[in-house]
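Participant: Predicted model follows, preceded by the sequence.
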Amino acid sequence: MSSTAIVILTLKISIVLFVFSFGMKATLADATFLFRRPDKLLSALVSMYMVMPLFAVVIAQAFDLSPSVKIALVAFSVSPIPPLVPNKALMGGGRQSYAVGLLVAGSVLSIILVPLAMEIFQVVFGMPLQMTPRSVAALVLMSVLGPLAAGIAFRAAAPALAERVAGPLGTLSMVLLVLCCVPVLISEWRQFGLLIGNGTFVAFAAFAIVGLFIGHMLGGPRFEDREVLALYTSARHPAVAIAIAQANFPQVRLALAAILLLLVISAIISVPYVLWARRRLSGHHPTPGHHATFGR
């Protein structure tokens, strides 16, 4: 097995372990939270799957961007929630039921929404675009829904054991993830240099900032939910984005590097927002049984 294959396999294992450990902290009620609150689900879907794809089209048309960057923006904007972001949202003070519920609902509905978005972009850009529901389903099932469901089931069967092993397993998964990402970023560093210019960094930063803003505004009256949706809207599943790019533009070699660069920029820009949200929430101490709310 080549070193590249080992890195990819380890990366997949680390993500599965991470989502599994995350699931061991959740419940079935968390997973179905938004399906029982259609108004909140609709607002989240508008934020992630309507506003941001439209904004990606605006950026792609407004800036003199390379084809690779345009592909990255479009693919990224319609991809579902990345499996690592929910933990980041909780670290910032987000509500677990909303974070888990949106992860599940967004992943399930992406099986329909991503192919539908491809059809719409096909009309807008005048070029054949496709991503089958089967392909999206396979990706989200393997990287999100499968390990999350397994974690929730494990907690239901052995809650005490799940409580003990969830933390160490999550730490192990993050160590593996870092060990995998470092060589990937190093190998793609030269490709990143080819993307500099023509407003690429400005376009990627604008996507991340607007995603945080739109998600925060549409997250509802509870500040902790707004923080979750903000992070979910600005960051997307890189595996799905890469699959979209490779399925439709296999000849564009820089698309992979552009998607990774967009992911890195989004992660960096979200850090100040998470720190601000954590400080904001730490200043409010609701009484037991009372949920603090903040103005829209």
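Facilitator: Looks like it arrived, so ask away.

Participant: Need phi/psi at the closest residue to Phe63 other than its chain neighbours.
Facilitator: Spatial nearest neighbour of Phe63, chain neighbours left out: Gly199 (4.4 Å); criterion: CB to CB, 6 or more residues apart in numbering. In this view, the C-beta of every residue, glycine as well, is placed from N, C-alpha and C. The phi/psi pair for Gly199 (degrees, to the nearest 10) reads phi 80, psi 20.

Participant: wait, what's in contact with Gly199?
Facilitator: Shown in contact with Gly199 (CB atoms under 8 Å, 6 or more residues apart in numbering): 63-65.

Participant: Highest neighbour count among those?
Facilitator: Leu65 (23 neighbours; other CB atoms under 10 Å).

Participant: about what we covered before: so of the contacts of Gly199, which ones are in helices?
Facilitator: Secondary structure from DSSP state H places none of these in helices.

Participant: Identify, from those residues, the entry nearest to Glu227.
Facilitator: Within those, the smallest distance to Glu227 is 28.9 Å, found for Phe63 (CB to CB).

Participant: Next one: Ile242 from Ser135, what distance?
Facilitator: According to CB to CB, to the nearest Å, Ile242 and Ser135 sit 12 Å apart.

Participant: let me fix that: Gln61
Facilitator: For Gln61 relative to Ser135 (CB to CB), the value is 27 Å.

Participant: Check Leu41 too.
Facilitator: Taken as CB to CB, the span from Leu41 to Ser135 is 24 Å.

Participant: pLDDT weak spots in the chain?
Facilitator: For the chain, the stretches flagged by pLDDT under 70 are 1-5, 7-8, 127-128, 184-185, 188, 194, 252, 284-296.

Participant: for it, what spans make up the helices?
Facilitator: Going by DSSP H, the chain shows helices at 3-23, 28-31, 38-46, 52-62, 67-78, 85-91, 96-125, 133-140, 146-157, 159-195, 200-218, 223-234, 238-248, 255-282.

Participant: Next, format those as a markdown table and append mean neighbour count.
Facilitator: Compiled in a markdown table, the helices of the chain are given as follows (neighbours: other CB atoms under 10 Å):
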| stretch | mean neighbour count |
| --- | --- |
| helix 3-23 | 18 |
| helix 28-31 | 17 |
| helix 38-46 | 17 |
| helix 52-62 | 17 |
| helix 67-78 | 26 |
| helix 85-91 | 21 |
| helix 96-125 | 21 |
| helix 133-140 | 18 |
| helix 146-157 | 18 |
| helix 159-195 | 14 |
| helix 200-218 | 20 |
| helix 223-234 | 27 |
| helix 238-248 | 21 |
| helix 255-282 | 18 |
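
Participant: For Met48, give me its contacts.
Facilitator: Here Met48 is in contact with 81, 106, 215, 229, 232-233 (CB under 8 Å, 6+ apart).

Participant: now Ala117
Facilitator: Ala117 makes contact with 49, 53, 78, according to CB under 8 Å, 6+ apart.

Participant: so what's the last one closest to, chain neighbours aside?
Facilitator: The shortest distance from Val78 to any residue that is not its chain neighbour, by CB to CB, 6+ apart, is 4.1 Å, and that residue is Ala117.

Participant: before we move on, what about the first one?
Facilitator: Leaving aside its sequence neighbours, Tyr49 sits nearest to Leu113 (CB to CB, 6+ apart; 5.0 Å).

Participant: That neighbour and Val46, how far apart?
Facilitator: 11 Å.

Participant: Please apply the same query to Pro82.
Facilitator: For Pro82, the distance to Val46 - CB to CB - is 19 Å.

Participant: got it, and Leu231?
Facilitator: 16 Å.

Participant: got it, and Met131?
Facilitator: 21 Å.

Participant: Name all residues that make contact with the residue nearest to Tyr49.
Facilitator: Counting by CB under 8 Å, 6+ apart, Leu113 makes contact with 45, 49, 78.

Participant: With that, I have no additional questions.
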